[in-house]
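**Q** I'll drop the sequence and a predicted model, then ask my questions.
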Amino acid sequence: MLGIILALVALMYLAYRGYSILWVAPVCAIILGVTGGLDLLTMYRDTYMTGLSGYVKTWFPVFMLGAIFGHLMDYTGAAKSIAKWLTKTIGAKRAIIGVVVGCGVLTYGGISLFVVVFAMYPLALELFREANITRKLIPGAIALGSFTFTMTAIPGTPQIQNLIPMEHYGTSPTAAPIMGLTAAVLMFVLGVLWLQYRERKFTAAGDVFTEPKGKEAVEFDDSALPNPFLSFVPLIAVIALFNAHIINSEWKIDIVVALIAGVLLAMILNFKKYMGFTKTVSAGAIGSITAIMNTAAAVGFGSVVRTVPGFETLKSLLLNVPGTPLISEAIAVNLLAGATGSASGGMGIALEALGPQYMEIAATQGISPEAFHRVASLASGGLDTLPHNGAVLTLLAVTGMTHKESYIDIMMTSLILPIVASIPAIILGSIGIY
C-alpha cells in the first residue's frame, strides 16, 4: 500500500511539474515494482507494456480519426463558422452563455477538446470585448463548455470519456440517459450562474475587458468562412451515426465509421480547400500519437498497480466504501484521474483494475451496468482538471492567463461542479432510475 501511495504521489508531482508522462509513468511503475517485490525487467517489458499496447490497439483509430476530424473542421473554418453563428445568435449581452454553448456544440459533435480551445478563443475574445467582460473569465467559460457536460454527461457524446466504459460494461453510448441529463443540466446551469456571479463581482470592482498585451483586435471576415448550416452537417453525421441504435437496436455503428463519415463530409463540403487536406490530415494523425501515448502510459502504470500485493488491500478498501458501489467507483475514478491529470487515463486505470468486480456487483446487487457506465464517465471529469492537467495548461497558454488569474473559475466549473453534479446521478442510479 505504501508503494502504491508513493508511486501515485510521485506521478502527480512530476506531472504537475510538467514532465512528460511517457517517462514519468514507467519510473513510477518502478517504485511499485521495488516496493512490491516484482522483477523490474519483467514488470516493464510484460506487465507495463502489455497494458500500454493493449490500450493503443483498442483506441488508436478513435484518437487518430478524432484528431483528423478536428483539424479538418479547424482548417476549413467550419468550426469557427459554427461557433461564430452560435455566439452571434445568442448575442454579446449573453457572451458567457454564447461561449459555453459554442464550445458545447463543437465538443458534442466529436471535435477534440484541444481543437475547440483554439477555435473558440478568438470568438470568446471578440464577445467579451463587446460585452466589456474581463478576460479572466474566458478560461472558465471555455472549460465549462468543453471539459464538462458534453464530455462526460450528455448521452451519445462521441468523446473518449463516454467510449471507454462501453468496453468494460457492454453498454451503449446513450447509457443511463436520465442520470446523464440530470448531471448535465446541473453542470450547465450552476456553471453559468457561477460565471455570471463572477462577472458582476469583477465589473463592480472595475475589472473589465483589457486588450491582450501585444495583440490588436482581430476583425473576422465572415465571407471567408463556410456556410454555418453546411458546417453543422459533419458534426450531425458523427452524432447521428454513432447513436443510430436509438432508431433501430440493430444499427450499431462503430465510432470509427462515424468519424470516417465526418472526415469525408468535412472534405466534400469544403472541397475548394483541397490543397491543404493532405497537410491537415497529416498534422491530425501526428498529433494523435502524443495524445494516445500519454493516456496509454498512464494505463500501463495502472496495469502494474494491479500486480502488486498491496492492490488487494486497496481494492478491498474501495469496494467496501459504505453505501452503493457507485460511490466506490466514483471515488476510484476521481482519485486516479486526479493523480494522472487525465480523465481518460484515470478512468482507464480504474476500470482496467476494478471493472470486472463492478460487473459482478452489477449482476449480484441488481444495479444496471448502464449506471456504472455513466458514473465512471462523470467521475472522470472531476479531479482530472487539477492544476497539472494538460488541457488546463493548454487553455491557460492559449488565452494568455495564469493559474492565479483564472484557475479558480476553471476549478469551479470543471472540477467542483462535476463532482457535485455526479451526486444526484449516483442517487438516481442506486434506486434504479437511470
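**A** On my side now, so go ahead. Numbering: from 1, shown residues only.
**Q** Below-threshold pLDDT in the stretch 251-400 of the chain: ranges please.
**A** Screening the stretch 251-400 of the chain residue by residue with the criterion pLDDT under 70, one finds no matching range.
**Q** ok, now with 80
**A** Within the stretch 251-400 of the chain, the ranges that satisfy pLDDT under 80 run 291, 295, 314-315, 339-341, 388-390, 393.
**Q** can you give me the helices for it?
**A** In the stretch 251-400 of the chain, the helices defined using DSSP state H, counting those that start in this stretch lie at 255-268, 277-305, 310-319, 325-340, 343-365, 369-380, 390-399.
**Q** closest to Met120 out of those helices?
**A** Of all the helices of the stretch 251-400 of the chain, helix 390-399 sits nearest to Met120, with 9.4 Å by CB to CB. (Each C-beta comes from the backbone N, C-alpha and C, glycine too.)
**Q** what's the offset of that closest one from the middle of its chain?
**A** Here the centre of mass of C-alpha atoms in helix 390-399, compared against the chain's by CA atoms, centre = their mean, to the nearest Å, lies 14 Å away.
**Q** after it, next one along is what?
**A** For helix 390-399, the succeeding helix or strand toward the C-terminus, using DSSP states H and E, is helix 403-411.
**Q** Give the buried residues for that following helix.
**A** Of the residues in helix 403-411, those buried by neighbour count under the rule 16 or more other CB atoms under 10 Å are Glu405, Ser406, Tyr407, Asp409, Ile410, Met411.
**Q** and Thr35, how many neighbours does it have?
**A** Other residues within reach of Thr35 by the criterion other CB atoms under 10 Å amount to 18.
**Q** Could I get the CA-only coordinates of stretch 178-190 as PDB?
**A** What follows is the C-alpha trace of stretch 178-190 in PDB, where atoms were taken according to Å, rounded to 0.1, in the frame of the first residue of the first chain:
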ATOM      1  CA  ILE A 178     -31.700  10.200 -17.100                       C
ATOM      2  CA  MET A 179     -28.600  10.200 -14.900                       C
ATOM      3  CA  GLY A 180     -26.500  11.900 -17.600                       C
ATOM      4  CA  LEU A 181     -29.000  14.600 -18.500                       C
ATOM      5  CA  THR A 182     -29.600  15.400 -14.800                       C
ATOM      6  CA  ALA A 183     -25.900  15.900 -14.200                       C
ATOM      7  CA  ALA A 184     -25.500  17.900 -17.500                       C
ATOM      8  CA  VAL A 185     -28.300  20.300 -16.600                       C
ATOM      9  CA  LEU A 186     -26.800  20.900 -13.100                       C
ATOM     10  CA  MET A 187     -23.300  21.500 -14.600                       C
ATOM     11  CA  PHE A 188     -24.500  23.900 -17.200                       C
ATOM     12  CA  VAL A 189     -26.900  25.900 -15.000                       C
ATOM     13  CA  LEU A 190     -24.700  26.100 -11.900                       C
END
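**Q** Could you identify the most distant pair in the buried residues of helix 403-411?
**A** The most widely separated members of the buried residues of helix 403-411, counting by CB to CB, are Glu405 and Met411 (12.6 Å).
**Q** Which secondary structure state does Gly156 sit in?
**A** Taking DSSP: H, G, I helix; E, B strand; the rest coil as the rule, one finds Gly156 in the coil state.
**Q** What of Ala175?
**A** Going by three-state DSSP, the secondary structure assigned to Ala175 is coil.
**Q** what's the spacing between it and Ser380?
**A** Remark: distance between Ala175 and Ser380 (CB to CB, to the nearest Å) = 14 Å.
**Q** Looking at these two, which one has more neighbours?
**A** Ser380 (31 against 25).
**Q** Now for the more buried one: which residues touch it?
**A** If you count contacts by CB atoms under 8 Å, 6 or more residues apart in numbering, Ser380 has them with Thr152, Gln161, Ile164, Val333, Asn334, Ala337, Ala343, Ser344, Gly346, Met347.
**Q** okay, now Val62: neighbour count?
**A** Val62: 22 surrounding residues under other CB under 10 Å.
**Q** which residue sits closest to it in space, ignoring its chain neighbours?
**A** On the basis of CB to CB, 6 or more residues apart in numbering, the spatially nearest residue to Val62 that is not a chain neighbour turns out to be Ile255, at 5.7 Å.
**Q** ditto for Asp39
**A** Closest residue to Asp39 in three dimensions, ignoring its sequence neighbours and counting by CB to CB, 6+ apart: Gly33, at 7.6 Å.
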